[in-house]
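> Got a predicted structure plus its sequence, pasted below:
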Amino acid sequence: MNATNTNNPNLDSGGFTLQDHSRIKFYCDDNRCIDCHGCDVACKEAHHLPVGVNRRRVVTINEGIVGKERSLSIACMHCSDAPCAKVCPVDCFYIRADGIVLHNKETCIGCGYCLYACPFGAPQFPTSDVFGSRGSMDKCTFCAGGPAPTHSEKEYRLYGQNRIAEGKVPACAAMCSTKALLAGSSKEVSSIIRTRTFARGHETVQAPYIWSKAYGE
């Protein structure tokens, strides 16, 4: 498990700076998402995910209905009160100081309880055979690696790139051509949402279901 840096309480061991003690969040602006799938392709490429494992996916709501069609990019939302961590029988999940929800693949037994508990279908399993074996769970890490030593070969093999330790945003958000997918501290993300909403001429912000479900806001 990554421990908090004792020299600076505003830094975790991954090198992510916490602004005003706010936690990190994902937000997908459905007014901007164009269903291009650049985010999920970028995720697969960055982490060399096996066939069948999709840490991020794009879903379209009210498809074909003029004026009501909306697309959303969905992955693990790193919930404030993560239900996956609550139901795990082996306690393989842990939550970093910045709010990123990670798990230990070497502890995971592939029971699937986290998948049943997650409202976003984030947990992914690489195998499924006639005996019910799923293999260790895989999910979005916010490009923050895992419990293995930062930037080690083991961390990359098990969890993919650790872009947060390099001071970068997740690959999915970096690739989004319309900047619909936002990733960062709650203060930064909320500020961008408000600015965009006022620019569109709306006085109130209507947060999508995934935002309120994950963060209780």
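Great, that's in hand. Numbers count the residues shown, from 1 in each chain.
> And for Lys68, nearest residue in space, chain neighbours not counted?
Computed as C-beta to C-beta, 6 or more residues apart in numbering, the closest residue to Lys68 that is not its neighbour in sequence is Asn62, at 4.1 Å. C-beta coordinates here come from the backbone N, C-alpha and C atoms, glycine included.
> which residues does the one you found contact?
68-70 (C-beta atoms under 8 Å, 6 or more residues apart in numbering).
> all helices of this protein, in order?
Remark: helices assigned in the chain by DSSP state H are 38-47, 83-87, 113-117, 153-159, 171-175, 186-199, 209-215.
> Let me have these in CSV, extended by mean pLDDT, distance to Ile95 and mean neighbour count.
Shown next, in CSV, are those (pLDDT from 0 to 100; distance: least, C-beta to C-beta, whole Å; neighbours: other C-beta atoms under 10 Å):
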stretch, mean pLDDT, distance to Ile95, mean neighbour count
helix 38-47, 94, 21, 19
helix 83-87, 96, 7, 17
helix 113-117, 95, 14, 17
helix 153-159, 95, 15, 15
helix 171-175, 95, 20, 21
helix 186-199, 87, 15, 14
helix 209-215, 84, 13, 17
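> of the ones you listed, which approaches Cys28 most closely?
Proximity to Cys28, assessed across those by C-beta to C-beta, is greatest for helix 209-215 (7.2 Å).
> Check what contacts that closest one and list those residues.
Contacting residues not belonging to helix 209-215 are listed as 25-28, 72, 74, 77-80, 119-120, 186, 217 [C-beta under 8 Å, 6+ apart].
> From these, keep the buried residues only.
By neighbour count, with 16 or more other C-beta atoms under 10 Å, the contacts of helix 209-215 hold 25-28, 72, 74, 77-79, 120, 186 as buried.
> check contacts around Ile193.
By C-beta under 8 Å, 6+ apart, the residues touching Ile193 are 27, 29, 182, 205, 207.
> Among those, name the buried ones.
With burial judged by 16+ other C-beta under 10 Å, the buried subset of the contacts of Ile193 is 27, 29, 182.
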